[in-house]
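Novice: A predicted structure for the sequence below; I have some questions about it.
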Amino acid sequence: MAKFAKWIGGGLGWAFFGPIGGLLGFAIGSVIDSTRIHSGRSVSSTTRGDFTVSLMVLIAAVLKADGKVLQSELNFVKSYFLKAFGMEASVEAIQMLRDLIKKDIPVEAVSDQIKTHLDYSSRLQLLHFLFGIADADGEIHRSELNVIGNIARHLGISQKDYDSIKSMFYKQGNIDAAYKILEIDKTATDEDVKKAYRKMALKYHPDKVSYLGEDVQTSAKEKFQKLNEAYEKIKTERGMA
């Protein structure tokens with residue numbers, strides 16, 4: 001994996017250790033000379049590489065959930081990695097993903113490790129990407145939902161935030177989903193709607209994950225756009241200015 005060191009963004013910190021490091025040992029071992037391991041820094045610091053390999057492991061867990069890996073799901077992942085890391089590195093990423101799928105993934109232990117070291121905004125972004133993969137074939141299956149729910153609980157994601165992100169993948173035009181995205185009830189006043197939007201806009205703002213690189217920040221803009229669409233839908237329904 002000649003491009004692996006560049007692909008993970010210049011090094012690994014805390015993800016080199018614990019259950020994630022164990023799962024990635026086969027890949028890390030082949031590039032140990034060219035990949036910088038930040039063993040001298042605080043393991044609480046997160047590198048772009050830490051986020052990327054955490055995402056890879058969780059992707060594998062979701063892909064395995066229903067017992068089959070669909071081409072539509074792989075295409076979704078390929079598209080993201082192609083935009084994020086370039087052709088050569090994305091090919092290696094998919095190969096690494098195929099190797100991970102063959103392994104037994106301790107989902108709860110991996111998620112607990114991520115929760116310990118990754119900030120909340122970045123964990124929300126991981127969750128959003130996992131729902132995107134599950135929905136790649138146009139339907140989120142119960143088995144996938146169960147795995148993502150288990151991941152979310154161990155990532156420390158609140159139930160409201162989980163429901164908010166899940167609702168972003170409902171069919172367009174669903175007004176109930178729009179309210180869930182803003183984490184409010186239909187009984188909320190117009191002023192409550194505006195306050196909820198401002199609160200969620202801060203929570204989901206792409207700048208929250210800017211330290212993880214432009215590709216992650218770009219992906220976060222999709223989540224932010226879903227929030228804006230939900231807000232506009234509610235405003236239209238209510239005739240709000």
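Specialist: On my side now, so go ahead.
Novice: Now do the helices in this structure.
Specialist: Secondary structure of the chain by DSSP state H: the helices cover 4-7, 18-23, 25-28, 48-64, 71-85, 87-101, 107-117, 120-134, 142-155, 159-167, 175-181, 190-203, 214-238.
Novice: Just put those helices in CSV and tack on mean pLDDT and mean neighbour count.
Specialist: For the C-beta atoms, the positions are set from N, CA and C on the backbone; glycine is no exception. Formatted as CSV, these follow (pLDDT from 0 to 100; neighbours: other C-beta atoms under 10 Å):
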stretch, mean pLDDT, mean neighbour count
helix 4-7, 54, 20
helix 18-23, 87, 19
helix 25-28, 56, 16
helix 48-64, 88, 23
helix 71-85, 80, 17
helix 87-101, 79, 17
helix 107-117, 95, 19
helix 120-134, 93, 22
helix 142-155, 96, 18
helix 159-167, 96, 19
helix 175-181, 95, 20
helix 190-203, 97, 15
helix 214-238, 92, 17
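Novice: OK, contacts around the spatially most central residue of the chain?
Specialist: The C-alpha lying nearest the average C-alpha coordinate of the chain belongs to Leu126 (C-alpha atoms, centre = their mean; 1.6 Å). Neighbouring residues of Leu126 by C-beta atoms under 8 Å, 6 or more residues apart in numbering: Phe51, Ser54, Leu55, Leu58, Ile114, Leu118, Leu155.
Novice: again, 6 Å this time
Specialist: Applying C-beta atoms under 6 Å, 6 or more residues apart in numbering to Leu126 gives the contacts Leu55.
Novice: ok, now the one 4 residues further on?
Specialist: For Leu130, the contacting residues are Leu58, Val62, Ile148, by C-beta under 6 Å, 6+ apart.
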